[in-house]
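Novice: The following comprises the amino acid sequence and a computationally predicted model.
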Amino acid sequence: LGLLCSQNYPLYIRSVPTENELKFHYTVHTSLDVVDEKISAMGKALVDQRELYLGLLYPTEDYKVYGYVTNSKVKFVMVVDSSNTALRDNEIRSMFRKLHNSYTDIMCNPFYNPGDRIQSRAFDTMVNSMMMQVC
C-alpha cells in the first residue's frame, strides 16, 4: 500500500511481507504514470464525481495494481497478489474508502503537518488489519 501526496512523494508505504519492500516501492512509483494518465483522461469528469476510485491501473504477472485519488490529489496505490482471486472490485473500492476515511482523520489532527510522513498508530493498526484480511 502506498499513499503519495500531490507532488508524488510518499507519505506512507507499507508492504506485507517486508522482504520485497524495495520491489513494492518501485511498483508503486511506476504506477504513478498510469494514475496521471487516468486523471488527465477523466479531466473535468473527475472533479464532478464523488467517486475517485481509478480501478485496476495495470496487472503484471505477479501483482495487480489499483489506484484511488482524493479531491486534494493525494494518491492511494494498492498492490495485490495476482493469485488472490477472492478480492473483487467492490471490496477493493471499500478498502480505499476506509483508507480515505482514516487519512481524513489524520488530516483533522491539529498536530499533523500536511505533507509530513504519516506516523499514526491508529492508521498503522487499520492498515495492518486490512492487510491481514487480504493475505
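Specialist: Looks like it arrived, so ask away.
Novice: Name the next helix or strand downstream of the lowest-mean-pLDDT helix or strand in the chain, please.
Specialist: Least confident element among the helices and strands of the chain, by mean pLDDT, DSSP states H and E: helix 44-48 (a mean of 56). Moving toward the C-terminus from helix 44-48, the first helix or strand encountered (DSSP states H and E) is strand 53-59.
Novice: Can you name the residues in contact with the helix or strand following that following strand?
Specialist: Downstream of strand 53-59, the next assigned helix or strand under DSSP H and E is strand 63-69. Identification of contacts with strand 63-69 by C-beta atoms under 8 Å, 6 or more residues apart in numbering yields 27-28, 31, 34-35, 38-39, 46, 52-59, 75-82, 92, 96, 99-100. The C-beta positions use only the backbone N, C-alpha and C, and glycine is treated the same way.
Novice: by contact count, what packs against the strand or helix carrying residue 102?
Specialist: Counting by DSSP H and E, the element that carries residue 102 is helix 89-107. If contacts are counted by 3 or more C-beta pairs under 8 Å, 6 or more residues apart in numbering; DSSP states H and E, helix 89-107 sits against strand 53-59, strand 63-69, strand 75-81, helix 121-134.
Novice: For the most centrally placed residue in the chain, give its distance to residue 6.
Specialist: Nearest to the geometric centre of the chain sits residue 76, at 2.2 Å (C-alpha atoms, centre = their mean). Remark: distance between residue 76 and residue 6 (C-beta to C-beta, to the nearest Å) = 12 Å.
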